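Colleague: sharing a model prediction with you, sequence too.
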Amino acid sequence: MARICHFSSAHRAGDIRIVRKEARAAAAAGHEVSVVIQGDMPADCAAVRHVPLSPPPGGRLGRFTLLGWRTWRAALHQGADIYHFHDPDLLPYALLMRAAGRRVIYDAHEDVPRDILSKEWIPVRARRVIARVFEVFEDFAAKRMSAVVTATPFIGERFRRLNPQTTTVNNYPMMDELAPPPEGPDGERRGFCYVGGISAIRSAREMVEACALAGQPLVVAGPMETQALAASLQALPGWKHVDYRGQLSRADVAAVLARSIAGLVLFHPEPNHVNSQPNKLFEYMSAGLPVIASDFPMWKDIVERYDCGVCVDPCDPRAIAAAMSALAADPERARRMGANGRRAVLEKFNWEREQHVLLDVYQRCRS
């Protein structure tokens, strides 16, 4: 068994992929696992040793500088056999670890160069230059890692050309976490839901407008990207149809899903979105909910192949509203699609399968 240290400066201890999936799976397999991260460790992760970080002053700049250094130092003190990190801003520290002969795994959650192209806090004219410079550096660092773990096959294809020790560990949901109650929902399913980060490029405005056009209630849960976005959404006439819950516990998320007709996952066609594999899509499926999703080819292939929802133009509120109205008017169709999605998760799209892929990565790193 190995001593494994996960470390992250950008995420928090409630992170599902890092803590509740990867770290907990390694601990359950008998490894000695520590996680250097901010926040409070979930109660069901007692087998994972938490090394807490205090947030730095200075916002984003503080995270990229002082907190990165603190995270690296705390990780080194764990004396691990394998270091597994999760943030691109920690790449310089990972290179230092590799230069000292340590085994280091880079977990690439996102296609960061393409993600930079959509970052609103970066001036538009600077985005392409910054994205290109970062990609050159990320490629340089990835070649020197002991292994690279990617969250989607598309990201995996890019890194496999750089490092043959690249493995995709899909961020699929745990089978039972959001499972529909065996006795069915508590009362009639009513309205729609969106759970996740709330931003303009995730169709926040279009969803509010669509629920007004369809005359359907919409439960929204998750952090607002900015206060300005929150104010603009609340000013829309359709906001009266929205029940905004803020950030919810996983148990409360499960309760929201159990009472909804369908789940919305409507990202704009940004460079980092069209080939992504959103965890939210599979979480809705795991809860037995049909999905209303963006009509990107990759997403459409999954939704249509498993007959588990409807794909629409995410920038068209009328198309979104039409899909909502159609599912609300045909409960049997919605139930059938939800059951199809749940079956697909049980058979293929689940963490219980993926965790063995991760454990194999750790085994190869030690040999």
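Modeller: Sure, I can see it. Numbering: from 1, shown residues only.
Colleague: name the nearest residue to the spatially most central residue of the chain, ignoring sequence neighbours.
Modeller: With distances taken as CA atoms, centre = their mean, the residue of the chain nearest its centroid is Asn279 (5.1 Å). Sequence neighbours aside, Asn171 is the residue nearest to Asn279 in space, at 4.9 Å (criterion: CB to CB, 6 or more residues apart in numbering). All C-beta spots, glycine's among them, are computed from the backbone N, C-alpha and C.
Colleague: now do Pro217
Modeller: Nearest to Pro217 is Gly191, by CB to CB, 6+ apart, at 3.6 Å.
Colleague: quick check, pLDDT for the one you found.
Modeller: Gly191 is assigned a pLDDT of 94 by the prediction.
Colleague: hmm, back to that, the residue nearest to Asn279 and Ala344: what is the separation?
Modeller: 16 Å (CB to CB, to the nearest Å).
Colleague: ditto for Val169
Modeller: Val169 is 19 Å from Ala344, by CB to CB.
Colleague: looking at those two, which one has more neighbours?
Modeller: Shown here are Val169 and Ala344; by other CB atoms under 10 Å, Val169 has more neighbours (24 against 19).
Colleague: isn't the more buried one up against Val361?
Modeller: Yes: under the criterion of CB atoms under 8 Å, Val169 makes contact with Val361 at 7.3 Å.
Colleague: what sits in contact with each of the two?
Modeller: Jointly contacting Val169 and Val361 under the rule CB atoms under 8 Å, 6 or more residues apart in numbering are Val149.
Colleague: and this structure, what are its domains?
Modeller: 3-172+351-366, 192-347 (automatic domain parsing).
Colleague: mind putting these in TSV, distance to Pro182 included?
Modeller: Shown next, in TSV, are the domains of the chain (distance: least, CB to CB, whole Å):
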stretch	distance to Pro182
domain 3-172+351-366	19
domain 192-347	11
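Colleague: can you give me phi and psi for Pro223?
Modeller: phi -80, psi 140 (degrees, to the nearest 10).
Colleague: also Gly30?
Modeller: Torsion angles, degrees, to the nearest 10, at Gly30: phi 100, psi 0.
Colleague: what's the burial count for it?
Modeller: So Gly30, with other CB under 10 Å, has 11 neighbours.
Colleague: list the buried residues of the helix or strand hosting Ala228.
Modeller: Using DSSP states H and E, Ala228 sits within helix 227-234. For helix 227-234, burial by neighbour count (16 or more other CB atoms under 10 Å) applies to 229, 233.
Colleague: what packs against that helix?
Modeller: For helix 227-234, the elements it packs on are helix 204-214, judged by 3 or more CB pairs under 8 Å, 6 or more residues apart in numbering; DSSP states H and E.
Colleague: now the helix it packs on against helix 227-234, angle please.
Modeller: 10 degrees (axes from the mean of the first three to the mean of the last three CA atoms, to 10 degrees).
Colleague: contacting residues around the helix or strand that helix 204-214 is followed by?
Modeller: The C-terminal neighbour of helix 204-214 among helices and strands, as given by DSSP H and E, is strand 218-221. The contact list for strand 218-221 (CB under 8 Å, 6+ apart) reads 191-195, 198, 207-208, 211, 241-248, 252-253, 256, 260, 264.
Colleague: how distant is stretch 118-138 from the center of its chain?
Modeller: 21 Å (CA atoms, centre = their mean, to the nearest Å).
Colleague: and that stretch, average pLDDT?
Modeller: 93.
Colleague: and that stretch, what's buried?
Modeller: 118-119, 127, 131, 134-135, 138.
Colleague: tell me where the stretch 101-250 of the chain has strands.
Modeller: 103-108, 147-150, 166-168, 192-195, 218-221, 242-246 (DSSP state E, counting those that start in this stretch).
Colleague: JSON lines please, covering those and showing distance to Gly59.
Modeller: Putting those into JSON lines (distance: least, CB to CB, whole Å) gives the following:
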{"stretch": "strand 103-108", "distance to Gly59": "24"}
{"stretch": "strand 147-150", "distance to Gly59": "28"}
{"stretch": "strand 166-168", "distance to Gly59": "33"}
{"stretch": "strand 192-195", "distance to Gly59": "26"}
{"stretch": "strand 218-221", "distance to Gly59": "25"}
{"stretch": "strand 242-246", "distance to Gly59": "21"}
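Colleague: could you point out which of the ones you listed sits nearest Ile16?
Modeller: strand 192-195 (12.0 Å; CB to CB).
Colleague: can you give me the distance of the residue lying closest to Arg127 once chain neighbours are set aside to Ile16?
Modeller: Nearest non-adjacent residue to Arg127, counting by CB to CB, 6+ apart: Leu117, 5.2 Å away. Distance of Leu117 to Ile16, computed by CB to CB: 26 Å.
Colleague: and if you look at Trp299?
Modeller: Distance from Trp299 to Ile16, by CB to CB: 20 Å.
Colleague: which of the two has more neighbours?
Modeller: Comparing Trp299 with Ile16 by other CB under 10 Å, the one with more neighbours is Trp299, at 24 against 18.
Colleague: tell me the confidence at that one?
Modeller: pLDDT at Trp299 comes out at 97.
Colleague: who touches whichever strand or helix holds it?
Modeller: Using DSSP H and E, Trp299 sits within helix 297-305. Contact with helix 297-305 is made by 154, 274-275, 277-278, 281, 291, 293, 308-311, as judged by CB under 8 Å, 6+ apart.
Colleague: what separates that helix from the chain centre, distance-wise?
Modeller: 19 Å.
Colleague: check which element follows it along the chain.
Modeller: Helix 297-305 is succeeded, C-terminally, by strand 309-312 (DSSP H and E).
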